[in-house]
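> mind looking at a prediction? Sequence and model below.
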Amino acid sequence: MQIIPRKEHDISRDDISENAVKVLYRLKKAGYEAYLVGGGVRDLLLGMHPKDFDVATNASPEQVNKLFRNSRLIGRRFRLVHVVYGRDVIEVATLRGHHDNAEGKQQSKTSDSGMLLRDNVYGTIDEDAVRRDFTINALYYDIKDFSVRSYEGGIQDLKRKNIRLIGDPETRYREDPVRMLRAVRFAAKLNFKIASNTAAPIKELAPLMSNIPAARLFDEVIKLFLAGYAQNTFKLLEEYKLFEQLFPHTQQCLNENDFYRRMINNALVNSDERIAQGKTLTPAFLYAVFLWPCVLETQKTLEAQGMPAAAAYHQATSQVLSNQQAHTSVPRRFTEVIRHIWDSQRRLERRVKKHLESILTHPKFRAAYDFLLLREQTGEELAGAGKWWTQYQKDNAHLIEQAKSQARERRKPRSSDRRPRRRGPAQ
């Protein structure tokens, strides 16, 4: 363990979320150890601006929950506490210990493949550091004296731009296969290199991703592709045979048709540019892009079997979305948008006069229009539909503004919806 005193590092409390500082000081005042830990410390040392700040303490989850009225206990596999300040959530975890010290399956449980099913053995900061996944995350900012504690050569790997697992890589990946995705995500985000011994088992162990719940993998996909470095992430996922674990049918289509690969690459470049400009991006759009090749190829197969084109298309969309749920479970609020993006393409291409206004003023028009432009950008021949809709929007800007105004009015609570004021007793 290496201690870097305050005067030898650049972390300032001014760079830490005000709410995270509140949590740290309240834990300290209550007599507990309190550390800013992991990615927040790593990014601050790299001169970046973290979005999330996690806290580690020797207080148990129940003690933390009792200390903060605005908190909630979460998790069974890995029990921790969320301290909630409006939209800002500070995650507080109790320092983890060695599984040799576990007292029954309520604290520690492992599957036959070596995956951790329960991880609630508590310990010291030294034990917790060894339990961390990567050396660059085994960094602790101590609120007591503002020093940084570095374990397992974390500071050195940070300087060398090195992604290295703590412990035996195969064992650590078997404990939690999502660590393979995290290695790729950190490498893409930080522009670091994955150490050779950390990278070596990934291709062979990639199929272990099938043991991870599909809902958790959906969350991981969001982290991978909606953070501003999607293009580099995609390249690494393919290199390590991980993309095919998340989108198996899409990978098959990419291998067989270079047009689909160009389309996805263009979409990822565009999405990274949007995020760099501070614009929002819905997961539904990227999923619509990733799964579009599957829809087209499935439709071709169904048509070859004698099904009419329209029926084949509708069955293909349902079949593709259903199959994807087994790999990364997509919430319904997104699948509805995905369907709208796909279903709008033919209407956008046809440009039937009596439907133009309803298409333009639809709340999800922008996503469908962007998808159309992406198809044209990739080289698909659409008879100039993208350019036509671009001009039509300029010529009818008043319709768009009117639709937005009407949407805002619909969102306003009506006086009849308000609960009546409670009257006091009659005088």
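Alright, I've got the coordinates.
> check contacts around the residue nearest to Asn257 when sequence neighbours are not counted.
Spatially, and ignoring its direct neighbours in sequence, Asn257 is nearest to Pro293 (7.0 Å; CB to CB, 6 or more residues apart in numbering). Where you see a C-beta, it was placed from the backbone N, CA and C, and this is true even at glycine. Under the criterion of CB atoms under 8 Å, 6 or more residues apart in numbering, the neighbours of Pro293 are His249, Thr250, Cys253, Leu254, Asn257, Tyr260, Met263.
> which helix or strand lies directly C-terminal to the host helix or strand of Pro293?
For Pro293, the enclosing helix or strand under DSSP states H and E is helix 283-304. Heading C-terminal from helix 283-304, the first helix or strand you meet, by DSSP H and E, is helix 309-324.
> could you list the low-confidence segments of the protein?
Per-residue confidence for the chain (pLDDT under 70) gives these ranges: 99-120, 407-408, 410-427.
> spatially central residue for it, please.
Lys223 (2.3 Å; CA atoms, centre = their mean).
> list the contacts for that one?
Contacts of Lys223 by CB under 8 Å, 6+ apart are Arg185.
> so how far is Leu45 from it?
In this view, Lys223 and Leu45 are 21 Å apart by CB to CB, to the nearest Å.
> still on that earlier bit, got the angle between the helix holding Pro293 and helix 309-324?
Here helix 283-304 points in a direction 130 degrees away from that of helix 309-324 (axes from the mean of the first three to the mean of the last three CA atoms, to 10 degrees).
> please state the offset of helix 283-304 from the chain centre?
22 Å (CA atoms, centre = their mean, to the nearest Å).
> ok, and for it, which residues are buried?
283-299, 302 (16 or more other CB atoms under 10 Å).
> go on, stretch 355-375?
356, 359-362, 364-365, 367-375.
> stretch 72-85 now?
So stretch 72-85, judged by 16+ other CB under 10 Å, has buried residues Arg79, Leu80, Val81, His82, Val83.
> how long is it from one end to the other?
12 Å (CA to CA, to the nearest Å).
> identify the residue nearest Thr124 in space, chain neighbours excluded?
Closest to Thr124 by CB to CB, 6+ apart is Leu95, at 6.2 Å.
> what separation do you get for the one you found and Asp52?
Distance from Leu95 to Asp52, by CB to CB: 19 Å.
> let me see the contact set for Leu95.
Applying CB under 8 Å, 6+ apart, the residues near Leu95 are Glu33, Ala56, Thr57, Asn58, Tyr122, Gly123, Thr124, Ile125, Glu127, Asp128.
> buried only: go through the residues you listed for me.
Glu33, Ala56, Thr57, Asn58, Tyr122, Gly123, Ile125, Asp128.
> which elements pack onto the helix or strand that contains the second one?
In this case it means Ala56. According to DSSP H and E, Ala56 maps onto strand 54-57. In terms of contacts (3 or more CB pairs under 8 Å, 6 or more residues apart in numbering; DSSP states H and E), strand 54-57 is packed against helix 18-29, strand 34-37, strand 88-94.
> contact partners of the longest one?
Think helix 18-29. Here helix 18-29 has contacts from 13, 33-36, 40, 53, 55, 57, 59, 64, 67-68, 83, 85, 88, 90, 92, 143-144, using CB under 8 Å, 6+ apart.
> can you do 7 Å?
Outside of helix 18-29, the residues within contact range by CB atoms under 7 Å, 6 or more residues apart in numbering are 13, 34, 36, 53, 55, 57, 59, 67, 83, 85, 88, 90, 92, 143-144.
> from the buried residues of stretch 72-85, which is closest to Arg339?
Distance to Arg339, by CB to CB, is smallest for His82 among these, at 32.8 Å.
> so that closest one versus Leu67, what's the distance?
Counting by CB to CB - His82 and Leu67 are separated by 13 Å.
> and for Ser150?
Ser150 is 28 Å from Leu67, by CB to CB.
> ok, now Ala288?
For Ala288, the distance to Leu67 - CB to CB - is 44 Å.
> and what of Pro331?
For Pro331, the distance to Leu67 - CB to CB - is 33 Å.
> with Gly123 instead?
Applying CB to CB, the value for Gly123 to Leu67 is 20 Å.
> quick one, strands of this structure?
With DSSP state E, the ranges of strands along the chain come out as 2-4, 34-37, 54-57, 71-74, 80-85, 88-94, 108-110, 116-119, 139-142, 148-150, 162-163, 193-194.
> CA atoms only for the third one, dumped as PDB, please.
Output of strand 54-57 as PDB, limited to C-alpha atoms (Å, rounded to 0.1, in the frame of the first residue of the first chain):
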ATOM      1  CA  ASP A  54     -18.900   6.200  -4.600                       C
ATOM      2  CA  VAL A  55     -18.100   6.000  -0.900                       C
ATOM      3  CA  ALA A  56     -16.600   3.100   1.100                       C
ATOM      4  CA  THR A  57     -16.900   2.800   4.900                       C
END
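> wait, Leu286 sits on Phe225?
Yes: contact between Leu286 and Phe225 holds when scored by CB atoms under 7 Å: they sit 5.5 Å apart.
> and the helices in the stretch 51-200 of the chain, which stretches?
For the stretch 51-200 of the chain, the helices defined by DSSP state H, counting those that start in this stretch cover 61-67, 125-131, 154-160, 169-175, 178-190, 196-199.
> between the ones you listed, which one is nearest to Pro213?
Among those, helix 178-190 sits nearest to Pro213 (CB to CB), with 10.2 Å.
> does that closest one pack against any helices or strands, and if so which?
Packing partners of helix 178-190 (3 or more CB pairs under 7 Å, 6 or more residues apart in numbering; DSSP states H and E): strand 162-163, helix 169-175, strand 193-194, helix 214-225, helix 230-239.
> in a markdown table, list those along with distance to Glu409.
As requested, those are exported to a markdown table (distance: least, CB to CB, whole Å):
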| stretch | distance to Glu409 |
| --- | --- |
| strand 162-163 | 51 |
| helix 169-175 | 53 |
| strand 193-194 | 52 |
| helix 214-225 | 32 |
| helix 230-239 | 36 |
